[in-house]
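Peer 1: sequence? don't have it. structure:
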Ligand SMILES: Nc1ncnc2c1ncn2[C@@H]1O[C@H](COS(=O)(=O)NC(=O)[C@@H](N)CS)[C@@H](O)[C@H]1O
Ligand SMILES: [Zn+2]
């Protein structure tokens with residue numbers, strides 16, 4: 001699937017400290033240690049109701065990671081999927097008498113537009129589950145052959161499931177207890193109550209064709225993939241057996257990232273699949289998580305259609321810490337618009353206070369588990385000084401504009 005257009009990234013002199021990020025599996029903020037090329041898999045959208053501000057906040061968080069790694073001199077091999085076949089998509093298409101393929105394409109195109117408008121750097125590989133169908137089926141066959149998967153004893157629908165005991169470390173990523181796992185599996189697309197499974201938490205790998213459902217030929221029989229194996233296959237086949245970062249919103253901690261990691265580790269024998277499992281908090285509206293099921297959505301495209309500057313949307317969403325569940329409010333947007341107006345006024349001056357240490361402060365705050373509140377405050381301080389006391393460095397305004405662009409992704 002085609003990815004979206006990239007924006008230029010100004011190159012800044014000097015270097016910041018290594019990026020430290022919270023890792024769910026070890027429950028610690030610790031340094032990322034990518035090689036020359038950092039490898040990052042961030043789960044993509046299920047293409048309907050795109051792009052709401054919750055989606056946007058999560059992709060912005062990992063865009064900051066991408067930008068920081070590049071500022072530290074790494075190349076970044078960023079892979080993202082599109083879950084363009086899955087139950088929720090089929091249900092929405094049926095509800096709206098829409099063709100599920102057309103719905104997926106339309107929403108993915110809108111998502112790409114919104115990501116470009118928000119100046120999110122594009123993934124190098126942007127892969128739909130449908131276009132990856134054969135590679136997914138192939139890995140399911142391998143899991144079956146290796147004994148990590150099995151068919152339920154159901155003559156009508158002998159669906160293939162993953163055996164969660166296969167790696168001997170299931171649960172290390174989420175660190176949830178079994179009761180929590182059972183509740184979340186049921187809430188998020190699992191089928192713990194399905195008879196014939198070895199363990200209620202065993203996730204679906206391949207669903208044999210049902211009447212009226214889309215299905216694909218494979219050596220497993222005609223059918224379609226489960227949710228988690230799709231991401232494991234797309235990531236493994238492009239990034240290898242161990243990656244620097246597996247990212248997404250906190251609702252992916254379990255079952256999605258736990259099962260995806262287990263699938264990958266059962267296939268490769270390499271653990272942990274990701275050196276960091278990092279998750280963004282939930283954006284809420286009126287006290288509820290912004291979600292498709294609730295329908296309480298604010299869309300990036302709607303704000304854009306109303307003439308809102310996408311840079312203000314970006315500034316508003318990163319004004320809170322990425323791991324904090326937080327509310328979207330209209331005030332957040334007005335505050336961000338006001339902030340950017342002041343920043344733009346200051347960088348339009350022909351001189352300003354020396355800005356080299358601001359650049360270092362930005363790098364240091366962002367390297368500290370993406371501490372964007374402190375980063376934004378550091379820019380505010382320079383702007384206040386520039387507007388009140390001017391300053392005599394003719395290179396400063398340009399340097400601030402470049403640093404805010406490269407590190408925060410905001411165009412002044
Ligand atoms: N209210 C929210 N706040 C923050 N992030 C959210 C919110 N709702 C969804 N997300 C995140 O947005 C991303 C896309 O969500 S999604 O469209 O439901 N799609 C999926 O979760 C799967 N296609 C991942 S393979 C996920 O990382 C999800 O955790
Ligand atoms: Zn995923």
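Peer 2: Nice, I can see it. Note that this is a predicted model, so its numbers are computed, not measured. Ligands and ions are numbered 1, 2, ... in the order given.

Peer 1: so the residue of the stretch 151-300 of the chain found nearest ligand 2 is in which element?
Peer 2: Relative to ligand 2, the nearest point of the stretch 151-300 of the chain is residue 231 (3.4 Å; Cβ to the ion). Using the backbone N, CA and C atoms, a C-beta is placed for each residue, glycine as well. Using DSSP states H and E, residue 231 maps to helix 227-239.

Peer 1: the residue of the stretch 151-300 of the chain closest to ligand 2 contacts residue 81, correct?
Peer 2: Yes - judged on Cβ atoms under 8 Å, residue 231 makes contact with residue 81 at a distance of 5.7 Å.

Peer 1: out of the two, which sits in the more crowded spot?
Peer 2: residue 231 (31 against 25; other Cβ atoms under 10 Å).

Peer 1: for that one, which non-adjacent residue is spatially closest?
Peer 2: residue 260 (4.8 Å; Cβ to Cβ, 6 or more residues apart in numbering).

Peer 1: so the one you found, which of the three states?
Peer 2: At residue 260, secondary structure determined by DSSP: H, G, I helix; E, B strand; the rest coil is helix.

Peer 1: show me what contacts it?
Peer 2: Contacts were defined as Cβ atoms under 8 Å, 6 or more residues apart in numbering; by that measure residue 260 touches 228-229, 231-232, 235, 246, 273.

Peer 1: with residue 309 instead?
Peer 2: Neighbour list for residue 309: 337, 340 [criterion: Cβ under 8 Å, 6+ apart].

Peer 1: for it, give its distance to residue 253.
Peer 2: Distance of residue 309 to residue 253, computed by Cβ to Cβ, to the nearest Å: 33 Å.

Peer 1: next one: residue 87
Peer 2: Relative to residue 253, and taking Cβ to Cβ, residue 87 is found at 20 Å.

Peer 1: between the two, point out the one with more neighbours.
Peer 2: Per other Cβ under 10 Å, whichever of residue 87 and residue 253 has more neighbours is residue 253, with 18 against 13.

Peer 1: in a strand, that one, correct?
Peer 2: No - applying three-state DSSP, one finds residue 253 to be helix, outside a strand.

Peer 1: please enumerate the shared neighbours of residue 231 and residue 81.
Peer 2: Residues touching both residue 231 and residue 81 (Cβ under 8 Å, 6+ apart): residue 43.

Peer 1: what sits against the residue of the stretch 151-300 of the chain closest to ligand 2?
Peer 2: When contacts are counted by Cβ under 8 Å, 6+ apart, residue 231 touches 41, 43, 81, 256, 260.

Peer 1: if we use 7 Å, what do you get?
Peer 2: By Cβ atoms under 7 Å, 6 or more residues apart in numbering, the residues touching residue 231 are 43, 81, 260.

Peer 1: do residue 50 as well
Peer 2: 107, 110-111.

Peer 1: scan those residues and report the most crowded one.
Peer 2: Per-residue neighbour counts (other Cβ under 10 Å) across the contacts of residue 50 peak at residue 111, which has 23 neighbours.

Peer 1: the helix or strand where that residue lies: what's the following helix or strand?
Peer 2: Assigned by DSSP H and E, residue 111 falls within helix 100-117. The first helix or strand that comes after helix 100-117 along the chain, using DSSP H and E, is strand 125-128.

Peer 1: what about that next one, average pLDDT?
Peer 2: Summarised as a single mean, pLDDT over strand 125-128 is 98.

Peer 1: can you tell me which residues contact the residue in the stretch 1-150 of the chain that ligand 2 sits nearest to?
Peer 2: The nearest approach of the stretch 1-150 of the chain to ligand 2 comes at residue 43, 3.1 Å away (Cβ to the ion). Neighbour list for residue 43: 81, 231, 248, 252 [criterion: Cβ under 7 Å, 6+ apart].

Peer 1: per-residue pLDDT, it?
Peer 2: Predicted confidence (pLDDT) for residue 43: 98.

Peer 1: for ligand 1, see how far away it is.
Peer 2: Residue 43 is 3 Å from ligand 1, where distance means Cβ to the nearest ligand atom, to the nearest Å.

Peer 1: which element, helix or strand, includes the closest residue in space to that residue that isn't next to it in sequence?
Peer 2: Residue nearest to residue 43 in three dimensions, not counting chain neighbours: residue 248, with 4.2 Å by Cβ to Cβ, 6+ apart. Using DSSP H and E, residue 248 maps to strand 243-249.

Peer 1: partner strands of that strand, parallel or antiparallel?
Peer 2: strand 37-42 (parallel), strand 274-280 (parallel) (DSSP bridges).

Peer 1: could you give the average pLDDT over that strand?
Peer 2: Strand 243-249 shows an average pLDDT of 99 in the prediction.

Peer 1: contacts for it, please.
Peer 2: 32, 34, 38-43, 54, 58, 62, 65, 235, 257, 273-280, 282.

Peer 1: so it, near ligand 1 or not?
Peer 2: Yes - applying Cβ under 6 Å from any ligand atom, one finds strand 243-249 in contact with ligand 1 at 248-249.
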